[in-house]
Every structure is written in structure tokens, then in C-alpha cells.
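In: Curious how this folds, go ahead:
(2 chains)
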Protein chains: 2
Amino acid sequence: MDIDKHKNFSEWFNTIVADAELADLRYNVKGFVVFRPWSVKSMKLMYAAYEAELEKHGHSPALFPALIPESNFKTEGEHVEGFTPQVFWVEQAGGNKLEERLALRPTSETAMYQMYSIWIQGLADLPVKIYQSCQVWRYETKATKPFFRGREFYWIEAHNAFATEKEAIAQVTEDMEMAQEVLTRQLGIPFIFFQRPEWDKFPGAVHTFAADTLMPDGKVLQLPSTHLLGQNFAKGFNVTFQNEKGERAYVWQTCYGPAISRIYGALFSIHGDNKGLVLPFHFAPVQFVIVPIIGKNADENAIMAYANEIYSLVQSTGARVKLDDSKSTPGFKYNYWEMRGVPIRMEVGGKEAAERTVTLARRDNGKKEKFAIADLQKATCDIRDALNGELARKAADFFNSRQSSATTKEELASLLEKGFIVRVPYCSMEKSGKPCADEIKAKTTGDVRGIKYPHEVMPHDEKCVICGKAAMHFAYVARQY
Amino acid sequence: MDIDKHKNFSEWFNTIVADAELADLRYNVKGFVVFRPWSVKSMKLMYAAYEAELEKHGHSPALFPALIPESNFKTEGEHVEGFTPQVFWVEQAGGNKLEERLALRPTSETAMYQMYSIWIQGLADLPVKIYQSCQVWRYETKATKPFFRGREFYWIEAHNAFATEKEAIAQVTEDMEMAQEVLTRQLGIPFIFFQRPEWDKFPGAVHTFAADTLMPDGKVLQLPSTHLLGQNFAKGFNVTFQNEKGERAYVWQTCYGPAISRIYGALFSIHGDNKGLVLPFHFAPVQFVIVPIIGKNADENAIMAYANEIYSLVQSTGARVKLDDSKSTPGFKYNYWEMRGVPIRMEVGGKEAAERTVTLARRDNGKKEKFAIADLQKATCDIRDALNGELARKAADFFNSRQSSATTKEELASLLEKGFIVRVPYCSMEKSGKPCADEIKAKTTGDVRGIKYPHEVMPHDEKCVICGKAAMHFAYVARQY
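Out: Numbering: from 1, shown residues only, chains lettered A, B, ... in the order given. From the prediction side, this is the model:
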């Protein structure tokens, strides 16, 4: 494809989505796309990794209905206000008008918590830590973009209930650690958790914490968010338990939402290059592709027999391997599998067959090296680890290189223009601080993403970069998707 | 619980769904239930097993939108006629009325095949073998029952396109073999594939083949079905390819639909007993439960240390193991985990700790035996295999014992009354044979399930059990869910 993703991210993105067959935008409902096998195979692996991490931390899977009665949906005031403009409504079934219209879930608090009020009676029933892997539907009015924002997206939502506020706060921290494990350690995606300003919280939450990563064009993309719900929903849905004093008490709740389809979008945007996808080894649908190279006067049968021997050898280790024995040229095959991000290519020609060697080519940096068949297992493990490490390192380098600070409006505007996440002294994260955010948005198209979590220490004498009043916080500003 | 499932299946079923916490029927939308963690954990394992089998046979996963424009939905005449009475419709989003109303997918032919018409251009694009794991929604008018029939259920749907009819027919056979592998070999569920009568086909199909299993009350339950679609949908959606002669030709299609939530219902109904669930080893959320037994004057610390040692040992083999160190009595714990179908219980008391042994109790037959710790791995493998084999054998025995033949209406009625699948000579599977089926239904509540596939040889001189005309087939009749 040969498009520079930093210079022309939008063209790069659209080309890779089409050419690597990740999604098809031609489905005839606005804002909806078809996710094609190559992206779905990686997303299934990502789902499995995140679910394993949740289960390791005591969460159990469940499946709640996708349809929510309007009366449930209206139980928590801020929640209904925040989500109503985005709801798809079912009003008819068969030839009948339904007695009550049903929301196609935009998120499942109002489906789940009425059941929690039945299930939770005493301390022995707590904590509840349940997740579901599902899709949700939101009638987005912002511009949609495959993987980043659609009217239907795939996520995991975890919903927890505790006897104490302290446990709920600890859950928020655990949610951040799980994001660190899956996104950073396994997928090589860097991010910062921000506590969002009061005016940008999840509707119904006491506090919202959300991970922002940075795209090649310098805009941030929100990844998993975790919300301290306090007792807001517990009061709406009457989720109570009998405490040690024998009194009914409201539970303390949290919810957490990693959007797998969006994380996949971040994954390929961050690691991809001008040849196409570059995927971490464990999340690649095909980890090894074997390309037989049949030169002039070569013994095709011997090479193919040897390629098949290598195939069996690699497959027996449990790896996902493909032997490309199609009629295309080796060059065509190189491009095809590079576009699709296969981490390691195995070239097998007459020389390799005679020597009983394999030439390994690494997707991320193109380096080639020849190994004896006896050394193959160790060599592929080494390359795998080096590739994974290098992807994470490069991603972190770019992310870190795009963070800076400003103390004047002009510096802020200039850094945002260059695609930075900018730290500024800021008056307040309460609603009183919103006019300054509005001014930033109007003048620079930047958004106030919130304050870092855990909170940074703030010197006494800083002034808000916009209004000049005493600064309560260092806020972070960036352009966003 | 102590309810005989053969004598009172309905009570047994409702009790187990509630007491083993499989599903909750108190969700406030009619026909919708919440699937709770204990069933979802097994269903996730079942999904993984079925998906692996599909992928082994060349299928790839994709994800298509859940919303289908009404105009797509109306493209295939029989299909729209068959499904329209069951469709939930979305007409509003946010505050807006949509330009075209959208069907919440009851099945995805009409979402997928318009994309196939884009993707398939030449022979090189064929075959297409794509599946998606998802839920579907049908406004059922029949009585709902958790897992067996609901207005939302979880399934896999595979949709295939081929250049030739021969390949499509071979796919139908492959679909049956995959059902054999997963349902019979892995889950121990016996079934027969019937080719359904013309009046009971999937709307839009040329032929429908469906697997029927038998419930303890003598009613059959339809499990996976596979449909030869011929070129019906290909013509509706203009799915064509350029054939070897350079002409545009319609593809030949099939689709396949194993409903995981229903197969789970069959699984526990078939294997369960009067103490609760009995689960095949590989599909149990917990495979081993360790119950410490602290007698009077016992050294609790020593027993708990030993129980923890056993826990670590079993966990290190990759098995799913639970150490129940709650405060309940051993008897309570036995009942609790027996209700939930844990295949092997490990009892660890003072004697076991002193001898370094473990007493293993097998869930299906209650047999107990003591093993030295050094023999534990082999013993558990043996018990696992014996338990899986015994479940499948007992299930097959029951299924086979409930099949018989009749040549008169009276015999047929009497056998149906006793809960048999009854073979009868039958006039015709074409529409002309429907009046005889209607008569059977009216008089016995039995349904004509179709003819066996592969087809049986039919003697010349048999007469239809109902109308007395020449019998074209042996048909199978049973009461159904």
C-alpha cells in the first residue's frame, strides 16, 4: 500500500480496512459494518484474553437480554438523560404493537441491576462480579469510523456490587490493572487513565476513569473505562443487603467496559506500518506463513515435501501456521501476508531443502535469517519475543514522545496542532471548570480529558491556563476521536 | 431435590434451572430469560468446541449486524412469509423515526447474502464458508421454556456458498458429521437426522435436515439443522460467479444452525439425575471439587494444608478445580456440588492427610474409591473417561429403547402415548402427504418428523398408516417440543 500512517492516517486506515479485509462498510444500514474473518479471528483471541483476566480476578460470565423495558431504562435519572438520544427502540413484534417499548441495550446497567436486587439479600451474596461479552447499539450522531465508533460495537461489560465503598474503589483500581495487563503487556498498547471531568462522566456515575491512547494522527482514542457508580443505581433499583447490624443497606457498585472492536482498531493503528498490519504474535490469526520458493530447474517435489515437513513440525507445537501453496509468485505472497500482519514468514527454497534449513523473515523490521531445522523452535521463540517487545517499545516511545506541557494558551494551541497530549494547569474539574473547557474546544478543537489517576501533586501557585484563576489540577488536553 | 425426571420432567426441569442457578425467569420481558454463570460457563465451552469443529472444516468466523433492513428481509419470498410473524422491528432511534424499519435478526441469510453478492465474483472466491456466533430474536407464539425455546437464543449460524450443487450436498453431510462429533462424541447426546417433510422446511430451503433427540418425558427436541438452499437465495440476492465457461452462474448455498443454548438444555435434561446436573467432564465449569472433612479432634491445619496441596497439584494439570473451604458441613457441600454436576469430588480428611491419599467420588454413580497421591493423575483420567463413556452409553440406551414401529393407527397412538419415536409407513413427504400428518396431530398430538437421512430402503407393498394409500417412505412420528 505504501502510505505513511503519520502523514495521512485517514487514507492509511481506510486502505488497510479494505485491503486486509478487516471490515466491509457496504452493509446497507448507516453506521453498521460487517466485521470480516481476519479481524474477527484476532478479536476472538482478544476476547479470550480479557475474559481470562476477568475470571482470574473473580468475575463470572452471564448473558442478559438485549432488550430492556423502557420503564427499567428510566429508573436512574442521569442515565436515562444521557442515553435516551442514543437508543434504538423496538415497538413492534410480528404484527403486534408491544405494550411497552423495548430499548436495544446501549449498555446493560438497567437490564442487570433489577436482577441484582433479587439475587443480593445478605452479605454472603456479596461481592457480585459478573461480566458479559456482547454487542451494544447506540444511535451515534458523531461521524462513525469502523472499529473506532459505530452504531453497533462489541465489548465486555463487567458489573460489580460490594458491601462497602472501599471495595468498590479497590475494584476501580483492579480494573485499571487488568487494562494494563491485557492492553499494555499483551497487546503493546500504551495509555493513561484519566479521571474524567464532572461534565464528561458516564451518565449515572460518581466518577469515571478512562484510558486514552494516541493515534498516529495525534488524536486520542478512549479505550476501557471504569466507573464508580456509588449507590446511584442501587437506590434506583433497590439493590440492598442485610448488613452486620441487621439493617438493609444499599450496595456500592462499579462497572467496566473494554470495547474489543475499538481496542482492535487501536491495535492495528498503533502497530501497523506502510506495508499493512503488524500484529503481536499471540493475536495474529496466522502466526507463521510458509512460502515455498520454486526457482528455475528446482526440484519442486522435494521443496514441497520439505515445506510440508516444516508445516507439520510447526503445527505440532500448537502454533497457527499456513502453508501458502497457491499458484501466485513468492513476491505476491510476501505482500499478501505482510498486509495481513503475519509475524513470521518462513521461506523454503531448493537451498533450504538441501541444507535442511529455513529462512525466517520478521514482519516488523523485515530482517531475514537462516536457521537449521534443529534450531527452529528456539529461533522462532526468540523472534516472537523480540517482535512483541519491539512493538510495545516503539508504541510506548511514540506515545511518550507526544506528551508535553503548556502554561499559555498559545503553547497549548501549538502543541495540540502538532498532535500532542498537553498538560496544563487548570481551574477545576467540577462543573465550574466547564467554561474553560468550552473555550479550549472552540479555539483549538482540543478536549479536556481530565486529571491523571492516581492524582498528581499540584503546586500552590499555578494559574489556570485559560481563566487565570488558581489552578486546582494539572489537566490533560488532546484532540479526540 | 429428589424428583424423578422420567415421571415428572417438568417439575424436575424447573427445579434444576432454579436450584443449580442456570437461568432466571424473572426478567421482566415475556419470553426472555437471564442465563446465569453456571450455564454460561458450560455454554462457552460448548461454543468453543463447536467453533473449533467448524474451523477444522474450513469455516471462518465473521460478525454481521443484528439489524436487517426490511427490504433485504423481503427479498426471498418464502423466507419473508415464514419469518415475518416472528420479527421484532426497530422503527425509532433517539427521537427519530427511521426511514426504513429494521428487523432484529431472526436468522441472518438476508443480512449476509447481499455481502456475498459483493464478495463472490469468480471461482477463486469459492467456496465461502463463514459462521457467526450470536444470538437471534424470534417473537415465538408457542409456549417458551428456558433453553428449549425463548424469544432470544444463542446459536452459531454457518452460511456457505459453492460453485456446484454437488459441493452443497456434500456440505450438508459434513454438517451432520460435525453434529455427530460435537453432540454425540463430545457431549454424549444421541440423535437422528431427519429430512423434514415439505410442509416443515426452513422457509426458503430446498431441503431441511434436522437432528432430533429425545427428552425424558418422551418428547423430541430439535437440535442442529442444516438446510440445502439450492439457488433460491442466490437468485434473490444475485449471488453469482463467473464460471469456467466465462458465464455468470448462481452459487449453490447451504446454512447450518446449532443452537448452543438449546443443546445445553438437552445436555442437562439427558444426563441429569434426581440429585441435579450431571455434566460430561470437559464441559463442567468445575471438574473437581475438594471437600475437606474435619472430624472431631482432627488436626484442622494439617487437613487444610493437605487439601491445599491437592488443590495445587490438580490445578497444575490445567483442570478446573475448586477447594470448598466454606463453613458449611461436608454433607451440605456434597449436595451443593452434586446439584451443580461437578464430575469428581475429592474428599480429604484426617485419614487421607495421614496416609497421603484422596477419596474420589464419581458424580454419575456415586462410587467412592481411595487412591494414593502418586496414583491420582491416572485415577482421575480413568474416572473421567469412564464417566464420559457411561453418560453417553446410558443416553444412547434410553434413546434406542424409545424407538419402535407401528403399522396401525392404534399402535401408533399407543406408542406415542408411551413416549416413543415411532416408525410408520407413510404416503408422501410432499405437500400431498400433509393431511395425514394433520390427522396424526389432531388425534395423538404427534408430529411427522420426516424420513431418516440417509434414506431407508422402502418395500413396495406397504400402505400409509393413515390413508392406506401406497407408502412412499417410512416416516418417523413423535411428540415434540
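
In: so, in contact with chain B or not, stretch A:330-342?
Out: No: Stretch A:330-342 does not reach chain B (CB under 8 Å from any CB of the partner chain); its nearest approach is 13.0 Å. Every residue, glycine included, has its C-beta placed from N, CA and C.

In: how far is that stretch from where the chain is centred?
Out: Relative to its parent chain, stretch A:330-342 has a centroid offset of 26 Å by CA atoms, centre = their mean, to the nearest Å.

In: Mind checking the pLDDT average for that stretch?
Out: Averaged over stretch A:330-342, pLDDT sits at 98.

In: care to break chain A down by domain?
Out: Domain segmentation of chain A under automatic domain parsing yields A:9-271, A:286-386, A:403-480.

In: Can you get me the start-to-end distance on the longest one?
Out: Meaning domain A:9-271. End-to-end distance for domain A:9-271: 13 Å, by CA to CA, to the nearest Å.

In: what about that domain, distance to the chain center?
Out: With CA atoms, centre = their mean, you get 11 Å for domain A:9-271.

In: mind listing the strands for the stretch 51-200 of chain A?
Out: Using DSSP state E, counting those that start in this stretch, the strands of the stretch 51-200 of chain A run over A:60-61, A:67-69, A:88-93, A:96-104, A:128-137, A:152-162, A:192-195.

In: ok, back up a step: make a markdown table out of the domains of chain A and add mean neighbour count.
Out: Output for these, formatted as a markdown table (neighbours: other CB atoms under 10 Å in any protein chain shown):
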| stretch | mean neighbour count |
| --- | --- |
| domain A:9-271 | 20 |
| domain A:286-386 | 17 |
| domain A:403-480 | 18 |
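
In: Adding distance to residue B:180, write these out as CSV.
Out: As requested, the domains of chain A are arranged in CSV below (distance: least, CB to CB, whole Å):
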stretch, distance to residue B:180
domain A:9-271, 25
domain A:286-386, 25
domain A:403-480, 52
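
In: May I see the strands of the stretch 51-200 of chain A organised as CSV, with distance to residue B:283 added?
Out: Listed next are the strands of the stretch 51-200 of chain A as CSV, based on distance: least, CB to CB, whole Å:
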stretch, distance to residue B:283
strand A:60-61, 14
strand A:67-69, 28
strand A:88-93, 33
strand A:96-104, 31
strand A:128-137, 18
strand A:152-162, 22
strand A:192-195, 38
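
In: Mind checking these for the one nearest to residue B:239?
Out: For residue B:239, the closest of those is strand A:152-162, at 23.8 Å, according to CB to CB.

In: strands paired with the closest one, and their directions?
Out: Applying DSSP bridges to the sheet, strand A:152-162 is found paired with strand A:128-137 (antiparallel), strand A:252-257 (antiparallel).

In: Show the average pLDDT along the first one.
Out: By that I understand strand A:128-137. For strand A:128-137, the per-residue pLDDT averages 98.

In: Stretch A:436-443 too?
Out: pLDDT averaged over stretch A:436-443 gives 98.

In: Run through who's touching it.
Out: The contact list for stretch A:436-443, computed with CB atoms under 8 Å, 6 or more residues apart in numbering or on different chains, reads A:197, A:199, A:409, A:412-413, A:426-427, A:446-448, A:464-467, A:477.

In: let's go with 6 Å and repeat that
Out: The contact list for stretch A:436-443 (CB atoms under 6 Å, 6 or more residues apart in numbering or on different chains) reads A:427, A:446, A:448, A:466-467.

In: do stretch A:381-393 as well
Out: Under the criterion CB under 6 Å, 6+ apart, residues A:188, A:271, A:280-281, A:343-344, A:362, A:364 lie in contact with stretch A:381-393.

In: can you give me how far it is from the chain middle?
Out: On CA atoms, centre = their mean, the centre of stretch A:381-393 falls 20 Å from that of its chain.
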